[in-house]
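J.: coordinates only, sequence not included:
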């Protein structure tokens, strides 16, 4: 597994993240890149209280994450970067390189969303954005580490109504 | 008393678990019950809104129900905090109940079961439910009294460290169990000790790297093959 994981998960830190990613890959640094969470002290405290001892947590705005990522701050760590939405992933797409594993973990069902897997529901705009990232880098749907990952390839079919 | 009633109703909380809204229906059911216990009748629209996507650890949901009712009474941001706490309690609950408490209960039950199978079953049920029911039946009261600051209760008892402590306890119990099994079933010697050590390390490595079920399956097949070859 690569040392840096970008995961889209609208629940951010939850059970599957702790057991399925942190403990499984011995990740020692979790980054939440989200403008709203970075601005809310209670939310920060709640997420900090959920991590196992010894795991560092950074909660940054998307802009701050981009600048810290460019400064090689995470060079020595095994890092899990949690993003709340596909829009946030799209905002940091310039950070994706061959050393980064990109996965879509959980995007909840809402109105006008298409069921892509049993945990991922996307709207047409999100599908277009993932297709664009997919042109240069692999993107997977991967709920927990011990389950098989599904590589996203034919999303344009969904947009054309060929689900 | 109200906390006990909500604790009882929360046994039905996951009855409509599904991929689309996960436990949303169960949460709406609990909220309605809890509000009535506090002398409030929620509007149908408000209850319906609660059927949207919601997923947390089922033993800790009553903390969120208590927090939600408190915030609703005080015109707070009940739905915003509900979302945050759902994932946070999912993280805390999964780590502790599923991945640490269960193995410890299993190891304890296996040791007790050596003396008496009935004692094994009883010890598992008692130990597991001691924690499970404590959280389930006190959750609403604590959630309601602390409101949006309910996380302070978990910080006070250092709940995020419990999983680590229980994992250490499980390893200790497993060591006692294996030592006892080795000592009681064969003449103990260095060859047996070495074989057991390699076996355990191989099993743990497979379970860690691959998957526990797959690791166990491979060990059973390897053992069968080994016994067949050696003619045991």
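T.: All right, it came through fine. From a predicted model like this one, the values you see are computed outputs, not experimental measurements.

J.: near chain B, which residues of chain A show up?
T.: Contact residues, chain A versus chain B (Cβ under 8 Å from any Cβ of the partner chain): A:11-19, A:23, A:42-43, A:45-47, A:49-53, A:108-110, A:115, A:118-119, A:146. (Glycine included, C-beta is placed from N, CA and C.)

J.: shaky segments in chain A?
T.: Counting by pLDDT under 70, chain A has low-confidence residues at A:1, A:153-163.

J.: do that again at 90, thanks
T.: A:1-5, A:10-11, A:14-28, A:42-43, A:49-55, A:65, A:67-78, A:85-88, A:91-163 (pLDDT under 90).

J.: got the residue ranges for the strands in it?
T.: Using DSSP state E, the strands assigned to chain A run over residues A:4-9, A:29-33, A:56-60, A:79-83, A:100-106, A:114-115, A:121-122, A:139-141, A:150-151.

J.: excluding its backbone neighbours, what's nearest the residue of chain A found nearest chain B?
T.: Nearest residue of chain A to chain B: residue A:15, at 2.7 Å (Cβ to the nearest Cβ). Leaving aside its sequence neighbours, residue A:15 sits nearest to residue B:94 (Cβ to Cβ, 6 or more residues apart in numbering or on different chains; 2.7 Å).

J.: What of residue B:5?
T.: residue B:37 (6.3 Å).

J.: what's the answer for residue A:95, then?
T.: residue A:69 is the one closest to residue A:95 (Cβ to Cβ, 6+ apart), at 5.2 Å.

J.: Pretty sure residue A:94 is one of the things the one you found touches, is it not?
T.: No: Residue A:69 is beyond contact range of residue A:94, at 9.6 Å (criterion: Cβ atoms under 8 Å).

J.: how far away is residue A:43 from residue A:50?
T.: Distance from residue A:43 to residue A:50, counting by Cβ to Cβ, to the nearest Å: 11 Å.

J.: would TSV of the strands of chain A with mean neighbour count be doable?
T.: Shown next, in TSV, are these (neighbours: other Cβ atoms under 10 Å in any protein chain shown):
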stretch	mean neighbour count
strand A:4-9	24
strand A:29-33	24
strand A:56-60	17
strand A:79-83	25
strand A:100-106	23
strand A:114-115	16
strand A:121-122	22
strand A:139-141	21
strand A:150-151	14
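
J.: Would you mind putting those strands into TSV with distance to residue B:30 alongside?
T.: Output for those, formatted as TSV (distance: least, Cβ to Cβ, whole Å):
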stretch	distance to residue B:30
strand A:4-9	25
strand A:29-33	28
strand A:56-60	30
strand A:79-83	28
strand A:100-106	22
strand A:114-115	26
strand A:121-122	24
strand A:139-141	31
strand A:150-151	34
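
J.: Check whether residue B:45 sits in a helix, strand or coil.
T.: At residue B:45 the chain is in helix, as set by DSSP: H, G, I helix; E, B strand; the rest coil.

J.: wait, doesn't residue A:139 sit right on residue A:105?
T.: No: applying Cβ under 8 Å as the test, residue A:139 and residue A:105 come out as separate, 11.7 Å apart.

J.: how many neighbours does residue B:98 have?
T.: The number of residues packed near residue B:98 is 15, by other Cβ atoms under 10 Å in any protein chain shown.

J.: ok, it - contacts?
T.: A:15, A:19 (Cβ atoms under 8 Å, 6 or more residues apart in numbering or on different chains).

J.: for it, helix, strand, or coil?
T.: Classified using three-state DSSP, residue B:98 is helix.

J.: Check the gap between it and residue B:91 for me.
T.: Applying Cβ to Cβ to residue B:98 and residue B:91 gives a distance of 11 Å.

J.: and for those two, which residues touch both?
T.: residue A:15.

J.: before we move on, back to that, make sure the residue nearest to residue A:15 is indeed in a strand.
T.: No: counting by three-state DSSP, residue B:94 is located in no strand; its state is helix.

J.: isn't it right up against residue A:13?
T.: No: assessed by Cβ under 8 Å, residue B:94 is found out of contact with residue A:13, at 10.9 Å.

J.: More neighbours: which of those two?
T.: residue A:13 (27 against 22).

J.: which phi and psi does that one have?
T.: phi -90, psi 120 (degrees, to the nearest 10).

J.: what's it in contact with, if anything?
T.: Residue A:13 touches A:30, A:32, A:47, A:50, A:51, A:82, B:87, B:88, B:91, counting by Cβ under 8 Å, 6+ apart.

J.: mind putting these in a markdown table, distance to residue B:172 included?
T.: Formatted as a markdown table, those follow (distance: Cβ to Cβ, whole Å):
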| residue | distance to residue B:172 |
| --- | --- |
| A:30 | 29 |
| A:32 | 35 |
| A:47 | 31 |
| A:50 | 26 |
| A:51 | 24 |
| A:82 | 34 |
| B:87 | 32 |
| B:88 | 29 |
| B:91 | 25 |
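
J.: Can you tell me which of the residues you listed is nearest residue B:146?
T.: Using Cβ to Cβ, residue B:88 is the member of those that lies nearest residue B:146, at 13.8 Å.

J.: Report pLDDT for that closest one.
T.: Reported pLDDT at residue B:88 in the predicted model: 90.

J.: Just to check, it is in contact with residue A:49?
T.: Yes: counting by Cβ under 8 Å, residue B:88 touches residue A:49, with 7.0 Å between them.

J.: between these two, who's got more neighbours?
T.: Per other Cβ under 10 Å, whichever of residue B:88 and residue A:49 has more neighbours is residue B:88, with 28 against 19.

J.: where's the more buried one, which helix or strand?
T.: Here residue B:88, judged by DSSP states H and E, is contained in helix B:78-93.

J.: Is chain A within reach of that helix?
T.: Yes: applying Cβ under 8 Å from any Cβ, one finds helix B:78-93 touching chain A at B:84, B:85, B:86, B:87, B:88, B:90, B:91, B:92, B:93.
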